[in-house]
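In: need a structure here:
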Amino acid sequence: MRPNDPAQYDQLADQWWEPTGGFAMLHWIAASRAEHVPPARPGALLVDLACGGGLMAPHVARLGYRHVGVDIGLAGLCTAREHGVTVVRGSVLAVPLADGCADVVTAGEILEHVEDPGQVLAECARLLRPGGVLVIDSIAGTRLAGVVAVTIAERMPGGPPPGIHDPALFVDRRELLAAADRAGLDLRLVGLRPSVRDLVGWRRGRRDVVRMRPMSYTGVLFAGYGTRRGTTERHTSGPARTVGP
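Out: Numbers count the residues shown, from 1 in each chain. Next comes the predicted model:
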């Protein structure tokens, strides 16, 4: 199977909610992502791009948002729906939702799977209302990230499935920040790493989730936290679209 093949997610669909399965680390990152989402105001909507099996669902419900998940994988969407997510099948490069519909947009572990991360950010900006919150995470386009995320992590229990990543698509952070600025997003990047103590506990079966710790170095795994600038202008990458099944 070629690297970065989306079909791998369908083949591993039964592992989405297994705490020690092939998507274990995605649970850890989803929990970290949720820490940067503010509590919802009444009726607020969170759009979860590349939602997969809906790992953000318990966090989004706790925070009080309506939760819409967007993905191209039908098997993952079926799993997400079982966990209370309103699902929409579509590409993160052309999201079938209306301009300004979201109070929060999350785009986790997807930018390193597309050829144009800036187009994803443009869609995030289009979906967000002015002042809306953006939370992303991805893998940096560095040699070290290739070693850590592919050579090492894809061979470790709980790491990503072998072949799920193509290092050629790992993200240039300067280009990403420039694309965010063009889209009207104020974005800052922070490095992430798993807690060593938690990781040891997880390996020994004493923990289900490993906490992710922030760090200044963004050259391997990083998160991005930002807002859409407060303006009446709308960023569009196509006609307005509405929620659909």
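In: contacts, neighbours, all on C-alpha from now
Out: Will do.
In: And the lowest-mean-pLDDT helix or strand in the chain, what's buried?
Out: The helix or strand of the chain with the lowest confidence, counting by mean pLDDT, DSSP states H and E, is helix 7-11 at a mean of 74. Counting neighbours by 16 or more other CA atoms under 10 Å, one finds that the buried residues in helix 7-11 are 8-10.
In: how about Val105, secondary structure?
Out: For Val105, the secondary-structure state derived from DSSP: H, G, I helix; E, B strand; the rest coil is strand.
In: Please name the bridge partners of the residue sitting nearest the centre point of the chain.
Out: Within the chain, the residue whose C-alpha comes closest to the C-alpha centroid is Gly108; the distance, by CA atoms, centre = their mean, is 0.7 Å. When bridges are called by DSSP bridges, Gly108 pairs up with Asp137.
In: confidence score at the residue of the chain most remote from its centre?
Out: No residue in the chain sits farther from the centre than Arg204, which is 27.4 Å out by CA atoms, centre = their mean. pLDDT, Arg204: 87.
In: Next, it: phi, psi?
Out: Dihedral pair for Arg204: phi -90, psi 0, per degrees, to the nearest 10.
In: Same check on the one 5 residues further on?
Out: Main-chain torsions, Val209, degrees, to the nearest 10: phi -130, psi 140.
In: What residues does it make contact with?
Out: Taking CA atoms under 8 Å, 6 or more residues apart in numbering as the contact definition, Val209 lies against 19, 24, 27-28, 198, 202.
In: now do Ala75
Out: Residues touching Ala75, when contacts are defined by CA under 8 Å, 6+ apart, comprise 10, 13, 53.
In: Ala223 and Arg229, how far apart?
Out: For Ala223, the distance to Arg229 equals 19 Å [CA to CA, to the nearest Å].
In: Look at those two and report which has more neighbours.
Out: Neighbour tally, Ala223 and Arg229, criterion other CA atoms under 10 Å: the higher count belongs to Ala223, 24 against 19.
In: would the more buried one count as being in a helix?
Out: No. For Ala223, which was evaluated using three-state DSSP, the result is strand, with no helix membership.
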